[in-house]
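Enquirer: Need coordinates for the following:
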Amino acid sequence: MGTTPPFDGIYSQTYQGQYDDNLPSAKKGKIRKHVEWLNTGEGKAYKAKRALAWIERIILDLTVVCLPSVKSAVAYRDRFRARELGKAYVENVLKEGKKPPEYTQIYLTSDTAAMNHTTYYAINDGVIWHKPIKEGSDWQPLPFTAGTQPIKIRVDGANLCVEDDKGEIYYRKILREGKREPESGTTYVFRDKSERNNFKKNWFTLPVVSEVIKPFTSARLKRDPSKTIDWAIAHRGQFNHYIEDAVGQKHCVDVGVTTLYMLDANGRDIRLYDPWKPEWVEVSVPTPETSHSQYEAMKMEVAASTVMTIGYNTATDQAGKTTKSLQINTLLIDIDGLGWNPGLHFDYKQDPNNKDVRVLGEVKWQTHALPDQPGDRFSKQITILQTGEGNQARELRVAGMRNSETGFFYKSLGSQEWQFKPVKGLQIDPSDLLAREEELNNKPDYRAPDYRAKDYTVDNVTLKDFTKDKVSSFIEFGNHKIMVYRKVNIIKKAIGKTGEKYDLVIPDTMSRDDVAALKKTLGVTKERGIKLDDFLRKAGVTVEEENEAENSENSRLKIEIDELKMQIKNLREYPPYKQAVLNIALEPFSGTSASKDERKLAAKMQSLEKTLREKEKELQ
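Expert: Next up is the predicted model:
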């Protein structure tokens with residue numbers, strides 16, 4: 001990534017956090033002091049303490065009603081051991097002379113570099129490093145004692161996640177956050193916990209329930225590269241402070257909202273994982289799609305529950321002409337914001353007597369038009385950062401080129417104008433550069449679109465742009481537009497039931513007769529918790545038309561083939577590759593050998609071409 005000069009853009013200007021080492025933390029009571037005593041010492045005395053510790057653990061395990069204080073002591077003992085193990089890990093890293101990153105700042109998220117509003121994080125020399133954003137700070141090792149190699153890191157708010165070389169995702173907290181009164185001069189304070197070894201043993205951590213079902217759950221989330229393009233972690237905490245509902249009411253964050261997002265291999269579905277939701281409960285939302293357009297994301301990043309994607313939108317006009325364009329889309333979405341948290345109160349209308357009721361509305365992706373200056377090129381390396389309080393406090397970044405300069409384009413979420421920041425030394429992989437619109441639409445082998453969303457009509461009722469996973473759709477009935485909102489019951493899905501139904505949001509302007517006629521056509525008797533199966537059957541939907549597994553697999557292969565072709569094209573146009581091909585061809589005559597980097601480029605091309613042939617054969 002290279003050493004880069006300070007950047008005084010939007011993000012750094014909104015950084016107003018204040019480090020507070022006096023934020024409340026658990027005090028050492030008698031039981032905690034006892035546990036710490038059990039884990040110290042040497043020789044025979046230490047062995048005796050260890051025997052006593054095991055006796056206490058057995059008593060706890062045999063206790064039907066676990067005493068909270070004893071259980072807390074055991075948990076503290078585990079944390080104490082982790083802390084000692086973390087210290088030993090850091091000492092060993094420094095002793096072995098592991099090298100920290102050479103760069104001092106991070107501008108863009110990558111597999112090995114990430115940041116939140118307080119700290120930079122990076123993977124280098126097989127070690128995770130952290131460094132405060134403030135000037136004059138140094139890189140320090142972050143304890144990772146799993147015994148595996150970290151290959152990808154993601155950070156947002158108080159959350160950090162690491163994927164190892166076995167595909168397991170480790171999750172932990174890196175900040176303790178707090179709020180202060182405005183009179184103190186700063187409203188947000190934090191305490192950095194990066195130096196701790198506090199990775200959680202299990203992803204599912206819902207109090208009490210997680211203890212009961214722990215034997216039936218996986219310890220951690222695991223990523224399958226064949227089914228997932230990308231993943232990222234988000235945290236809505238005290239820094240973001242509140243979320244605004246459909247009518248603008250502010251609902252402050254209490255314990256914080258953590259969500260891990262996985263972009264499906266088809267580029268068209270995003271799965272949501274919440275630590276208070278068992279991992280087997282599948283919840284997903286589609287990327288933007290209508291009956292005449294579809295969007296396939298190539299890359300995804302998230303911040304404070306706001307998903308940012310970059311990819312290609314395919315659309316067919318009324319004349320039957322199909323075009324393809326590069327788009328960036330964003331969406332604020334998590335279990336709480338969708339109204340799927342059974343512990344919160346939601347409705348579709350504002351209650352003037354109860355401001356705690358969260359008002360639900362249309363869930364709609366926001367498209368951000370990219371600059372169209374000649375010479376602008378964009379890559380799939382994107383970044384989104386939370387910059388303050390509320391829904392709009394985000395900054396978007398896209399690595400790219402303006403004429404011959406490399407850098408990144410950036411803007412705030414609500415802004416229309418992108419700015420370009422040149423970054424000296426920023427390296428962009430040519431295979432990451434995305435095609436321009438004219439290149440996309442002049443491809444001779446352009447594939448036919450596979451639009452999943454459809455319009456379904458029965459009598460004078462039309463369900464527009466509908467797919468079963470879409471959160472909000474609309475029914476057109478006469479002069480009325482009725483929202484259909486998908487509701488997911490997490491508890492029912494956890495015990496194996498369907499758990500998914502729809503709510504009709506009837507506008508006040510509809511007469512009773514119109515409401516009755518609508519319900520009759522839909523084949524329902526109520527407005528909340530309905531199914532649309534009867535209506536869809538009347539509209540002609542059959543099982544054969546909904547062969548989702550086959551469609552999803554073919555779509556995934558087509559996406560991968562298109563991306564491989566684009567990578568090959570970009571690499572062929574890359575000047576260092578052209579020079580490498582020439583030097584390798586002239587080796588028998590010139591008496592000189594091609595460099596190691598040139599041979600790597602040639603090998604990369606061979607690998608891409610081989611993979612392309614395999615994918616094309618698989619599609620056939």
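Enquirer: quick one: L463 from W365, how far?
Expert: Distance of L463 to W365, given as CB to CB, to the nearest Å: 19 Å. Every C-beta, even on glycine, is put in place using the N, C-alpha and C of the backbone.
Enquirer: Which secondary structure state is assigned to E282?
Expert: When classified by DSSP: H, G, I helix; E, B strand; the rest coil, E282 comes out as coil.
Enquirer: what residues are up against it?
Expert: The contact partners of E282, taken as CB atoms under 8 Å, 6 or more residues apart in numbering, are 271, 493.
Enquirer: hmm, back to that, L463 and W365: which has the busier surroundings?
Expert: L463 (22 against 18; other CB atoms under 10 Å).
Enquirer: Quick check: nearest residue in space to the more buried one, chain neighbours excluded?
Expert: In space, and not counting its chain neighbours, L463 is closest to Y456: 4.5 Å by CB to CB, 6 or more residues apart in numbering.
Enquirer: just checking, the one you found touches F535?
Expert: Yes. Using CB atoms under 8 Å, Y456 is in contact with F535, at 7.1 Å.
Enquirer: shared neighbours, those two?
Expert: Taking CB under 8 Å, 6+ apart as the contact rule, Y456 and F535 both touch L463.
Enquirer: Okay, and L52 sits in which element?
Expert: helix 43-62 (DSSP states H and E).
Enquirer: circling back: can you give me the neighbour number for the residue nearest to L463?
Expert: Counted with other CB under 10 Å, Y456 comes out at 20.
Enquirer: Residues touching the helix or strand where it lies, excluding its own?
Expert: Secondary-structure assignment from DSSP H and E places Y456 in strand 454-458. The contact list for strand 454-458 (CB under 8 Å, 6+ apart) reads 291, 462-467, 521, 535-536, 538-541.
Enquirer: repeat that for 10 Å
Expert: 289-292, 462-467, 473, 475-476, 521-523, 532, 534-541, 545 (CB atoms under 10 Å, 6 or more residues apart in numbering).
Enquirer: Pull that strand out as PDB, backbone CA atoms only.
Expert: In PDB, the C-alpha atoms belonging to strand 454-458 read as follows (Å, rounded to 0.1, in the frame of the first residue of the first chain):
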ATOM      1  CA  LYS A 454     -41.500 -10.400 -11.700                       C
ATOM      2  CA  ASP A 455     -44.900  -8.700 -11.900                       C
ATOM      3  CA  TYR A 456     -47.800 -10.900 -10.900                       C
ATOM      4  CA  THR A 457     -51.300  -9.900 -11.800                       C
ATOM      5  CA  VAL A 458     -54.700 -11.400 -10.800                       C
END
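Enquirer: In it, which residues are buried?
Expert: 454, 456, 458 (16 or more other CB atoms under 10 Å).
Enquirer: cool, and stretch 343-355?
Expert: 346, 348.
Enquirer: Check the offset of it from the chain's centre.
Expert: Relative to the chain's own centre, stretch 343-355 is displaced by 28 Å; criterion: CA atoms, centre = their mean, to the nearest Å.
Enquirer: Now do that stretch, average pLDDT.
Expert: Averaged over stretch 343-355, pLDDT sits at 91.
Enquirer: end to end, how far does that stretch reach?
Expert: End-to-end span of stretch 343-355 (CA to CA, to the nearest Å): 16 Å.
Enquirer: Give me the contacts around that stretch.
Expert: With CB under 10 Å, 6+ apart, stretch 343-355 has contacts from 245-251, 276, 335-340, 356-361, 483, 485, 487, 503-506, 508, 527-528.
Enquirer: again, only using 6 Å
Expert: 247, 339, 357-360, 505 (CB atoms under 6 Å, 6 or more residues apart in numbering).
Enquirer: and S110, how many neighbours?
Expert: Using other CB under 10 Å: S110 sits among 17 other residues.
Enquirer: Show me the beta-bridge partners of it.
Expert: Legend: beta-bridge partners of S110 under DSSP bridges are A113.
Enquirer: Can you tell me how far Q105 is from K222?
Expert: For Q105, the distance to K222 equals 32 Å [CB to CB].
Enquirer: From R486, how far out is the closest residue to L532 other than its chain neighbours?
Expert: Among residues not flanking L532 along the chain, Y502 sits closest, at 6.1 Å (CB to CB, 6+ apart). Distance of Y502 to R486, computed by CB to CB: 6 Å.
Enquirer: what's the answer for K131, then?
Expert: 43 Å.
Enquirer: again, but for E282
Expert: For E282, the distance to R486 - CB to CB - is 14 Å.
Enquirer: same thing with F535?
Expert: From F535 to R486 the distance is 15 Å (CB to CB).
Enquirer: Also G97?
Expert: 54 Å.
Enquirer: the more surrounded of those two?
Expert: Between G97 and R486, counted using other CB under 10 Å, R486 has the larger neighbour count: 20 against 7.
Enquirer: quick one: contacts for that one?
Expert: R486 neighbours (CB under 6 Å, 6+ apart): 471, 502.
Enquirer: Tell me which helix or strand it sits in.
Expert: strand 480-488.
Enquirer: Please give the element, helix or strand, for the residue nearest to L532.
Expert: strand 500-505.
Enquirer: Show me how far that strand is from its chain's centre.
Expert: With CA atoms, centre = their mean, you get 26 Å for strand 500-505.
Enquirer: Find the nearest non-adjacent residue to the most centrally placed residue in the chain, please.
Expert: Against the mean C-alpha coordinate of the chain, by CA atoms, centre = their mean, the closest residue is A232 at 3.1 Å. Take A232 and drop its neighbours on the chain: the residue closest to it by CB to CB, 6+ apart is V302, 4.4 Å away.
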